[in-house]
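*Asks:* Sequence and predicted structure below; questions after.
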Amino acid sequence: MNFKNWVKLIVAIAVSELAGAVGLFFTVSSIPGWYADLLKSSLTPPNWLFGPVWTLLYIIMGSAAFLVWKRGINYRGARLALAVFTGQLILNAGWSFIFFGLHKPFWSLIEISGLWLAIVATGVLFYRISRPAAYLLIPYLLWVAFAAYLNYLVWYLNPSGTQPTPEFASCAQNIQNCPMDNLIRVANPARYASVSSPLTATGEARGIWFFEGVFPVKLYNAKNVLIAQGQARAQGGWTTSDFVPFTANLVFFIPYEQAGTLVLANDNPSGLEENSKSISLPLTLMPVMREVELYYYKPSLDMNSSGDIMCTRAGLVPVGRRIPVTQTPIKDTVNLLLQGNLTQQEKSESITTEFPLNGVTLQAASFNKQTGALTLAFNDPNNVTSGGSCRAGILWFQIEATAKQFPGVKQVQFTPAYLFQP
């Protein structure tokens with residue numbers, strides 16, 4: 001590249017950087033004061049990043065303008081293209097003046113929208129002269145679109161130019177600087193409270209804790225395994241620095257009473273650790289119980305007139321049990337039946353069962369809602385589910401009757417098919 005073109009490149013970049021210097025004049029004084037105290041998007045980059053990014057973008061802009069200028073000022077369309085380019089530079093500097101100098105987020109949002117359109121127009125005109133010049137403007141166009149989004153949220157989160165209360169000013173700058181009780185206050189449940197499903201959490205949180213009116217809530221069991229998650233929703237306008245009431249509802253299933261932890265985290269779409277904060281509440285999780293019936297066998301109910309046992313369903317009797325509410329109630333109930341635990345009262349009433357059977361376990365339960373067919377898959381490594389038609393039939397009947405108490409179950413089949421056969 002000859003000396004003349006080097007001069008053009010340097011001038012083009014210098015003019016672009018000048019626009020940045022003008023904007024910087026209005027920006028520097030507002031960063032630690034007015035801007036720091038604003039509520040901002042959690043996607044807002046750290047302040048130190050803006051300088052290097054804009055410096056690089058101005059270099060790229062200047063390089064794009066150079067590629068057009070190199071064709072000659074009298075080249076077809078070059079004069080108009082460079083004029084529009086200069087216009088968008090003026091709009092670029094003007095945005096900093098309106099946003100940082102005048103502290104007018106709404107009007108700067110209008111201005112940056114015009115800037116974005118001016119960049120598009122510049123790109124179209126550049127494309128007709130030099131395609132590489134147009135392509136160089138793409139990062140600039142994307143960054144200004146992102147800046148417009150951040151500008152919009154500043155305006156949206158700070159209505160009518162209101163500022164956060166003095167004790168909350170540090171939170172708007174960096175959420176990590178805030179004491180937890182100045183960010184979120186949980187009214188229910190209390191720490192170490194005993195709770196059952198559905199769990200309702202209520203309280204209030206600062207508007208900065210939300211994003212789009214929600215924030216995540218998670219529940220962990222005693223082994224720190226996630227058992228439920230959902231969203232807490234603002235019960236009012238969340239675009240404020242004040243406290244906003246929230247409500248969250250979680251449904252969970254546990255087999256027994258155990259310790260748990262409820263975690264309420266701020267909504268952090270950026271994923272940056274410095275923007276993340278949460279509060280953890282230790283709880284005691286209580287299972288919700290339900291009534292079920294296990295069907296065992298009472299021989300005296302299944303005899304003919306001669307006193308012979310008939311080995312029919314007539315001898316089945318239900319005994320009540322309570323089990324935790326889970327997502328697998330049929331499997332849980334059949335498993336309880338297989339344990340064969342009869343109370344002394346039930347034994348005194350001559351209720352009997354051969355359960356538990358050595359090594360027999362229920363592996364899976366699948367239910368076809370359309371046909372009403374329940375398939376139970378068992379494991380019988382010792383082949384103890386057979387041994388005579390009467391015995392196998394009574395064992396079969398007990399499982400079948402226990403399973404059919406659940407709505408929709410019309411037929412019960414076992415797999416492998418040879419189980420509970422004579």
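*Replies:* Received the coordinates, thanks.

*Asks:* Pull out the buried residues from stretch 201-215.
*Replies:* For stretch 201-215, the neighbour count (16 or more other Cβ atoms under 10 Å) marks 201, 203-211, 213-215 as buried. Using the backbone N, CA and C atoms, a C-beta is placed for each residue, glycine as well.

*Asks:* Quote the end-to-end distance of that stretch.
*Replies:* Using Cα to Cα, to the nearest Å, the end-to-end distance of stretch 201-215 comes to 12 Å.

*Asks:* would you list the buried residues of stretch 201-215 in a markdown table and tack on pLDDT, secondary structure and distance to Met180?
*Replies:* Output for the buried residues of stretch 201-215, formatted as a markdown table (pLDDT from 0 to 100; DSSP: H, G, I helix; E, B strand; the rest coil; distance: Cβ to Cβ, whole Å):
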| residue | pLDDT | secondary structure | distance to Met180 |
| --- | --- | --- | --- |
| Ala201 | 96 | strand | 16 |
| Gly203 | 94 | strand | 12 |
| Glu204 | 94 | strand | 13 |
| Ala205 | 92 | strand | 10 |
| Arg206 | 88 | strand | 11 |
| Gly207 | 86 | helix | 16 |
| Ile208 | 84 | helix | 13 |
| Trp209 | 90 | helix | 11 |
| Phe210 | 91 | coil | 16 |
| Phe211 | 89 | strand | 18 |
| Gly213 | 92 | coil | 21 |
| Val214 | 95 | strand | 19 |
| Phe215 | 96 | strand | 14 |
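
*Asks:* so which of the residues you listed comes closest to Ala234?
*Replies:* Gly213 (4.4 Å; Cβ to Cβ).

*Asks:* Now the closest one. Nearest residue, chain neighbours left out?
*Replies:* Of all residues not flanking Gly213 in the chain, Ala234 sits nearest, at 4.4 Å (Cβ to Cβ, 6 or more residues apart in numbering).

*Asks:* quick one, phi/psi of that neighbour?
*Replies:* Dihedral pair for Ala234: phi -70, psi 140, per degrees, to the nearest 10.

*Asks:* burial count for it?
*Replies:* Number of residues near Ala234 (other Cβ atoms under 10 Å) recorded here: 21.

*Asks:* With the one 10 residues further on instead?
*Replies:* By other Cβ under 10 Å, 21 other residues sit near Val244.

*Asks:* ok, then the element right after the lowest-mean-pLDDT helix or strand in the chain?
*Replies:* Within the chain, no helix or strand scores below helix 169-173, which has a mean of 51 by mean pLDDT, DSSP states H and E. Under the assignment DSSP states H and E, the closest C-terminal helix or strand after helix 169-173 is strand 184-188.

*Asks:* ok but Leu67 is inside a strand, no?
*Replies:* No. Counting by DSSP: H, G, I helix; E, B strand; the rest coil, Leu67 is located in no strand; its state is helix.

*Asks:* Quick check: mean pLDDT of stretch 238-256?
*Replies:* The average of the pLDDT scores along stretch 238-256 is 89.

*Asks:* Done for today, thanks.
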